[in-house]
Every structure is written in C-alpha cells, then in structure tokens.
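A.B. asks: fold the following for me, if possible:
(one chain, ligands or ions: 2)
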Amino acid sequence: MPGLTSFPPFPEDVPTHPLLVVDYQLIRAGDGQETEKLWKAATELGFWYLKNHGVDEEVDGMFEMGRETIALPLEEKLKFEQGDQGVSFGYKAAGVQFMDERGTRDVTEFVNIAKDDALSWPTPARRTYPSTVNARMESTIKQFVEKSLAINNALIDILNDKLGLPKGALAESHKPDTFSGCTARVIRAPPHVGPEEKLFLTAHTDFGSLSFLHNRLGGLQVLLPGSDKWLYVKPLPGHAICNIGDTLNIFSGGILRSNIHRVIPPPKDQAQYERWSVVFFTRPNDTAMLRHLSAQSAVISDAVARAPAGKYEPGVTAEEWLMRRIRSQRATQYKGPESWNDRRGTEDTPILERGYI
Ligand SMILES: O=C(O)CCC(=O)C(=O)O
Ligand SMILES: [Fe+2]
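C.D. replies: Ligands and ions are numbered 1, 2, ... in the order given. As a prediction, this is how the structure comes out:
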C-alpha cells in the first residue's frame, strides 16, 4: 500500500520544526488546556499535529484509491482532467502547473474529489470520476469525507468561540450540505534521484479554511513568520497535520494564520521513494462572501483596525477566490515572471532576495 510501504525513517539531522500536538479527543471533551493549545497553534504558525482523530482506516483506504487511480492509463485519467478554468475537482496531470518565475512545470499528480459528489453519491453533484474512484466512493471516500468534515468543523467551531464570534457564526459559511470547494485529495510525486533541487509543490498558502493532511514521507516544509529558512515538518505515525488556509485568515481579520509551506523531495534516503499524501480541504460555501467578520466580533474588529485598509476584504465569494487561485497555478496562465505574483494568496511574508511570495 502506498501509504504503508516500509521506507527509511525521517532523518534526525535535517532542519525540522516541531509542531504543537493537539489531542482531538481532549478537544471533544472540552478540555480547556487543549483548547488553548489549538488557539496558540492556529494563531502563531497556523500548523499543528492532530492525534486521536480516528480516521486512520479511511486514510489507508484513500491511499489505496489514489494508487489505483494513478495506475490507470494516462489517456483514461486525462478524460477527467480538471482543466484550465479554475475547477478544482477531478484529475490534475503532472506538468500542468507552473512552479516558479521561469515557468518550470510541476511533476505531481492529484486526484481531487468534491465533497458534494461524495455526499450525493451515486448521483453526481459537480462532475464524474474514473472507475477506480467510483468503486470506492461508498466504501472509502464517503466515510473519509464525512469524518474529515466533522473534525474540521468541530475545530472551526472552537476557533469561532475563541475569536469572540457568536455561536455558529463560522458554521453558517461552512455548511456540510451546501455546495462548496471542500475536496478530498490524493497526491503522488515521483521518486527523486537527481542531485538538482526540485519542488514538488511550490511555496503556497492553502486556499480554503482548514486542511487535514496525512503524509508518510518527509518533504513538507514551513517558513516560520519572519524567517527565510525552510524547515521540515516531520511526519509522525497516527498524527494528521492540520493547517489554517486563506479563508479563515480573511474571516478572522488575520488573527488565524495561513502560513506559507511547500513540498520538496523527501530528505536523504527517503528521496528514492514515491511520495504520497492524502488531504481533506475544508473550504467555505461557494456563495460565502470573503470578508472579515469584524461586525460580529470586537477581537476581529480590533485586528482589522490595525491592518492596512481593505486587506481582509478581497471583494469576492469563496468560489471566485478558489477558482482564481486554482487557475493562476495552471501553466497556460504563465505569461512571464510577472505571472508569479498572480499566484499569491493572503500571505505576505517577505522572502529574502526573492521579494514577496
Ligand atoms: O503533501 C504534503 O505534505 C502537503 C500538501 C499540500 O501542502 C497541499 O496539497 O496543499
Ligand atoms: Fe498546502
């Protein structure tokens, strides 16, 4: 199984950043200390480990589904390619995104399944999928989506209360039964044998509200606020990695941090293995207007008052934001070095010698 094959351990001698470990069962039990830990992680780096989440079996099934799908002939996969218009559901072929100012093409493949399709199965809601996805919709994908949604929404509810918002304010724009960009994704990157530097996923912030990530090999790196040094996040067995994305950053007036991260080939001996990850991206309802919620929270209102005017009012819906960001990654959008700026999210950490991301 791709997620479970044995491989060399994550090396101890590479620059690594420890994340806070949040225990989901303690969060569910209303443990005050654990809630504080979640708040600290969400506001300082925007990344944390989540243990005791109870989704391990479904994650293994998702790795299997990904392997079965990526193993299909390219011609078959291309029938489901997500295309250049900003749609984020379907298959993403290797080489259709650009990765840097020079327009270098990517090497990763994705299988993206809309939450709306998993929940409405067997009736398609947004689009159709390869046979290998259909075959596991009922047995694997639906369960993974339902459990991931419940976890992310429970965490969002807690952040809602810590932000001083009225009960359920964020839940209003994250309704499970309303169309949204919520997506289950499997990612595959090839083994990397070359000595040259390579990017699997270029520096980015996540586009939605909260990401629930499961990886096995190293390669994920974060840039700490104010630093230009990339640090690995070590995969820990049984621990998911959660991170805040742009839309919670906007709703919270910047209080919740959508931090830059990237994926490079796994470190040292791990580099010769295929790298797989499974992610669930919780994103707001398509029609939700992206705007800070300062009218509903004094804490957010204070934060917005200190921020540059208009920073947390992009003036678009969640669907428009997502489409714009997905489209801006496609190689067809690459017109020269200036196209790189169009890829920016909410993050504005300067990178030394490279200007802003
Ligand atoms: O594969 C990983 O470890 C991270 C994936 C990621 O950052 C993403 O899909 O947005
Ligand atoms: Fe990401």
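
A.B. asks: the closest residue to residue 244 other than its chain neighbours: neighbouring residues, count only.
C.D. replies: Distances taken as C-beta to C-beta, 6 or more residues apart in numbering place residue 46 nearest to residue 244, at 4.0 Å, with adjacent residues excluded. In this view, the C-beta of every residue, glycine as well, is placed from N, C-alpha and C. Counted by other C-beta atoms under 10 Å, the residues lying close to residue 46 total 26.

A.B. asks: am I right that residue 46 is in contact with residue 258?
C.D. replies: Yes. Counting by C-beta atoms under 8 Å, residue 258 is a contact partner of residue 46 at 5.9 Å.

A.B. asks: spit out the residues that contact these two alike.
C.D. replies: Both residue 46 and residue 258 are in contact with 243-244, 249, where contact means C-beta atoms under 8 Å, 6 or more residues apart in numbering.

A.B. asks: can you give me the pLDDT of residue 335?
C.D. replies: pLDDT, residue 335: 83.

A.B. asks: for it, pull up the helix or strand it's in.
C.D. replies: Following DSSP states H and E, there is no helix or strand that holds residue 335.

A.B. asks: any idea how far it lies from residue 310?
C.D. replies: Per C-beta to C-beta, to the nearest Å, residue 335 is found 26 Å from residue 310.

A.B. asks: quick one: name the residues of the protein near ligand 1.
C.D. replies: 187, 201, 206, 213, 215, 220, 261, 263, 277, 279 (C-beta under 6 Å from any ligand atom).

A.B. asks: so how far is ligand 1 from residue 50?
C.D. replies: 14 Å (C-beta to the nearest ligand atom, to the nearest Å).

A.B. asks: ok, now residue 169?
C.D. replies: 26 Å.

A.B. asks: quick revisit: out of the shared contacts of residue 46 and residue 258, who's nearest residue 291?
C.D. replies: Here the nearest of those to residue 291, counting by C-beta to C-beta, is residue 249; it sits at 12.1 Å.

A.B. asks: please report phi then psi for the closest one.
C.D. replies: Per-residue torsions, residue 249: phi -60, psi -40 (degrees, to the nearest 10).

A.B. asks: between the two ends of stretch 8-22, how far is it?
C.D. replies: Stretch 8-22 has its terminal residues 26 Å apart, counting by C-alpha to C-alpha, to the nearest Å.

A.B. asks: pull out the buried positions in the helix ranked longest in the chain.
C.D. replies: Longest helix in the chain by number of residues (criterion: DSSP state H): helix 142-162. Using 16 or more other C-beta atoms under 10 Å as the test for burial, helix 142-162 gives 142-149, 151-153, 155-160, 162.

A.B. asks: using CSV, list the CA coordinates for that helix.
C.D. replies: Presented in CSV, the C-alpha positions along helix 142-162 are these (Å, rounded to 0.1, in the frame of the first residue of the first chain):
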residue,chain,number,x,y,z
LYS,A,142,-17.7,9.0,1.7
GLN,A,143,-16.5,7.9,5.1
PHE,A,144,-13.3,9.8,4.8
VAL,A,145,-15.2,12.9,3.7
GLU,A,146,-17.8,12.7,6.5
LYS,A,147,-15.2,12.1,9.2
SER,A,148,-12.9,14.8,8.0
LEU,A,149,-15.7,17.3,7.7
ALA,A,150,-16.9,16.6,11.2
ILE,A,151,-13.3,17.0,12.6
ASN,A,152,-12.5,20.2,10.7
ASN,A,153,-15.9,21.7,11.6
ALA,A,154,-15.5,20.9,15.3
LEU,A,155,-12.1,22.7,15.3
ILE,A,156,-13.6,25.6,13.3
ASP,A,157,-16.4,25.9,16.0
ILE,A,158,-13.8,26.1,18.7
LEU,A,159,-11.8,28.8,16.8
ASN,A,160,-15.2,30.6,16.3
ASP,A,161,-15.7,30.9,20.0
LYS,A,162,-12.1,31.9,20.7
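
A.B. asks: change the start of the numbering to 749 and stick with it
C.D. replies: Okay, using 749 as the starting number, the last item reads as helix 890-910.

A.B. asks: which other helices and strands contact it?
C.D. replies: Applying 3 or more C-beta pairs under 8 Å, 6 or more residues apart in numbering; DSSP states H and E, one finds that helix 890-910 contacts helix 772-776, helix 780-792, helix 804-818, helix 863-868, helix 917-920, strand 931-937, strand 958-963, strand 1023-1030.

A.B. asks: got the contact list for it?
C.D. replies: Contacts of helix 890-910 with the rest of the structure, by C-beta under 8 Å, 6+ apart, involve 772, 775-776, 783, 786-787, 790, 798, 801-803, 806-807, 809-810, 861, 863, 866-867, 869, 915-919, 922, 924, 930, 932, 957-958, 960, 990, 996, 1000, 1004, 1026, 1028, 1030.
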